[in-house]
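In: Pasting the sequence and the predicted coordinates here, then a few questions.
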Amino acid sequence: MVQLNRYGFPPIRLRRLRKNKIIRDLVAEERISPDSLVMPLFVKERLSGREPVNGMPNQERLSIEELLKEVGELLNLNIRTILLFGIPSRKDSIGSSAYDRDGIVQRAVREVKKNFGEDVVLITDVCLCQYTSHGHCGIISTKNNVTVVDNDSTVEVLTKVALSHAEAGADIVAPSDMMDGRVSAIRSALDSAGYTDVAIMAYSAKYASSLYGPFRNATSSTPAFGDRRSYQIDPRNVREAIREVELDVFEGADIIMVKPATWYLDVISIVKNTFDVPVAAYSVSGEYTMIKLMVEKGLIDEKQAVWEQLNCIKRAGADIIITYFAKDYARWLRDGVIP
Ligand code: PBG
Ligand code: ZN
C-alpha cells in the first residue's frame, strides 16, 4: 500500500533523478563547453620567455613567442577565443603606447593572426591603465585643484587604441574603461575606417571591485592615487548597471559584459533577461585566486570548485565566460575528469 502525502498524491521523490552520474548529466540544465570559454592572456613587451604572475598561481606573462605557443596549446584543447592584455615597457601620462602601431598588443595580434589566422578569435582589451604613468584608465586633468579622469579626451584616445587593434587584425575590441559614449565613438571610428566586421564587446557593467587586485599586480596597472570609483559602478547598485548596459546596447555593442561574475550573479541574470545581446561574464583575477589559494591550503577540491563556479555563472545567464581556468577546464573535459 502506497502511503499518500497530505495532498493525496504518492510521495514525490526528486532523488530518482539524482541516482547516478548518467542520470544527473541527462537532466542537467547547464553544460560547459570550451566553445563558450575565453582565456585571458598577458603579453609583455621586451620579455624573453615567461614570467610568473605574483598572486595568480599558475598564470604567466608571456613574450610574443610564448604567446604563440600558448595559443597553439589552447587551440588543441578547443579554446579558440583569447582576451589579450598588453604590458608595455613605456608608460606616459596619456598612455600613448596603447595606440602605437608597433605596440605590444598590435605586434602580438599581427603575429598570432599570421600564425593561426581564422582558427583563433582575438579579443583585445581597450584601456589605458597599463599604459599611463598614473595607472588610471583615462586622461587626467586638474580643474580647480581637483584631479579627475576626463571623459571626452579619454574617449578620443580610446578610439585610436581600438582602431590600431583592428588594423593589426583583432576580431573583437573590448573597451574596459567605463567612460561614457566610448562604444558609439569606437563604432563610428571603426566603421569609417572600413572595419565594419570588427565587433565590440563592451565591459558594460563593470563594478569598482576589490577582486581586481591580483590582475593589477599582474599588469602593473594599480592607480598611483585615488581609485576607480568615479568611473566604475558602485557594488551596491544594480539598476545603474542596467542603465550602463542599455546605453552600450544603444550605442552598438555586439556583446555586453558583466564583471566580476560570481558576486554579481543577480546582475548577469537581470541583464540576460532584459536585453537580447549575448552576455559575457568575466570571472576576474580575485575569483580565480580565491579558489587557487584554498586549493593550496588543501581546503577545497579544485575541479569541483571550478566546475561549480562555471556552472553557476552559466546558470545565472552568461553565454560567454571569461575565466583564467579556461585552459585547465578544457583539459579536464578532454581527460574526462570533471566531477
Ligand atoms: C582595466 C582592467 C581591469 C581588469 C580588466 N581590465 C582592472 C581594473 O579595472 O582595475 C580586471 C581583470 C581581472 O581582475 O581579472 N581596465
Ligand atoms: Zn583600465
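Out: Good, I have the coordinates. Ligands and ions are numbered 1, 2, ... in the order given.
In: The residue most central in space within the chain pairs with what?
Out: By C-alpha atoms, centre = their mean, the mean C-alpha position of the chain lies nearest to Tyr282, the distance being 4.0 Å. Tyr282 has these beta-bridge partners by DSSP bridges: Ile322.
In: thought it was touching Ile322?
Out: Yes - shown here, Tyr282 and Ile322 form a contact pair, counting by C-beta atoms under 8 Å, at 4.4 Å. Every C-beta, even on glycine, is put in place using the N, C-alpha and C of the backbone.
In: what residues are shared contacts of the two?
Out: Shared contacts of Tyr282 and Ile322, defined by C-beta atoms under 8 Å, 6 or more residues apart in numbering, are found at Met257.
In: separation between the nearest residue to Arg18 once chain neighbours are set aside and Ser184?
Out: Leaving aside its sequence neighbours, Arg18 sits nearest to Arg24 (C-beta to C-beta, 6 or more residues apart in numbering; 5.9 Å). Distance check for Arg24 against Ser184: by C-beta to C-beta, to the nearest Å, it reads 46 Å.
In: Comparing these two, which residue is more hemmed in?
Out: Using other C-beta atoms under 10 Å, the more surrounded residue of Arg24 and Ser184 is Ser184, with 17 against 11.
In: In terms of helices and strands, where is the more buried one?
Out: Per DSSP states H and E, Ser184 falls inside helix 182-192.
In: And for that helix, what's in contact with it?
Out: 126, 154-156, 158-160, 162-163, 166, 173, 175, 196, 198, 200, 202, 247-248, 251-253.
In: buried stuff in that helix?
Out: Arg182, Val183, Ser184, Ala185, Ile186, Arg187, Ala189, Leu190 (16 or more other C-beta atoms under 10 Å).
In: now stretch 133-145
Out: Neighbour counts over stretch 133-145 (16+ other C-beta under 10 Å) mark His134, Gly135, His136, Cys137, Gly138, Ile139, Ile140 as buried.
In: if we can go back for a sec, from the contacts of helix 182-192, which would you call buried?
Out: Of these, these count as buried by 16+ other C-beta under 10 Å: 126, 154-155, 158-160, 162-163, 166, 173, 175, 198, 200, 202, 247-248, 251-253.
In: May I ask which helix or strand encompasses Glu240?
Out: Per DSSP H and E: helix 239-251 holds Glu240.
In: Centre of the chain to the following helix or strand past that helix, how far?
Out: Remark: after helix 239-251, the chain's next helix or strand is strand 255-259, criterion DSSP H and E. For strand 255-259, the separation from the chain centroid amounts to 8 Å (computed by C-alpha atoms, centre = their mean, to the nearest Å).
In: Need the residues that contact stretch 248-255.
Out: With C-beta under 8 Å, 6+ apart, stretch 248-255 has contacts from 172, 181, 183-184, 187, 199-202, 204, 256, 275, 277-280, 320.
In: Give me the buried subset of those.
Out: 172, 183-184, 187, 199-202, 204, 256, 275, 277-280, 320.
In: Flag every residue of the stretch 101-250 of the chain that's near ligand 2.
Out: Contact residues, the stretch 101-250 of the chain versus ligand 2 (C-beta under 5 Å from the ion): Cys127, Cys129, Cys137.
In: And the helices in the stretch 101-250 of the chain?
Out: Under the criterion DSSP state H, counting those that start in this stretch, the stretch 101-250 of the chain contains helices at 104-116, 151-168, 182-192, 213-219, 239-251.
In: List the contacts of the shortest one.
Out: Counting by C-beta under 8 Å, 6+ apart, helix 213-219 makes contact with 42, 53-56, 59, 61, 85, 87, 129-130, 135, 221-222, 284-286, 288-289, all of which sit outside it.
In: which residue does the stretch 201-339 of the chain bring closest to ligand 2?
Out: Ser221 (6.3 Å; C-beta to the ion).
In: burial count for that residue?
Out: The number of residues packed near Ser221 is 21, by other C-beta under 10 Å.
In: All the strands of this protein, residue numbers only.
Out: Using DSSP state E, the strands of the chain run over 37-44, 50-52, 60-62, 81-87, 121-126, 139-143, 146-150, 172-175, 199-206, 255-259, 279-283, 320-323.
In: mind putting these in TSV, distance to ligand 1 and mean pLDDT included?
Out: Formatted as TSV, the strands of the chain follow (distance: least, C-beta to the nearest ligand atom, whole Å; pLDDT from 0 to 100):
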stretch	distance to ligand 1	mean pLDDT
strand 37-44	7	98
strand 50-52	16	97
strand 60-62	14	97
strand 81-87	7	98
strand 121-126	6	98
strand 139-143	14	91
strand 146-150	12	90
strand 172-175	9	98
strand 199-206	7	97
strand 255-259	7	98
strand 279-283	7	98
strand 320-323	8	98
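In: can you tell which of those strands is closest to Glu111?
Out: For the strands of the chain, proximity to Glu111 was assessed by C-beta to C-beta; strand 37-44 is nearest, at 9.5 Å.
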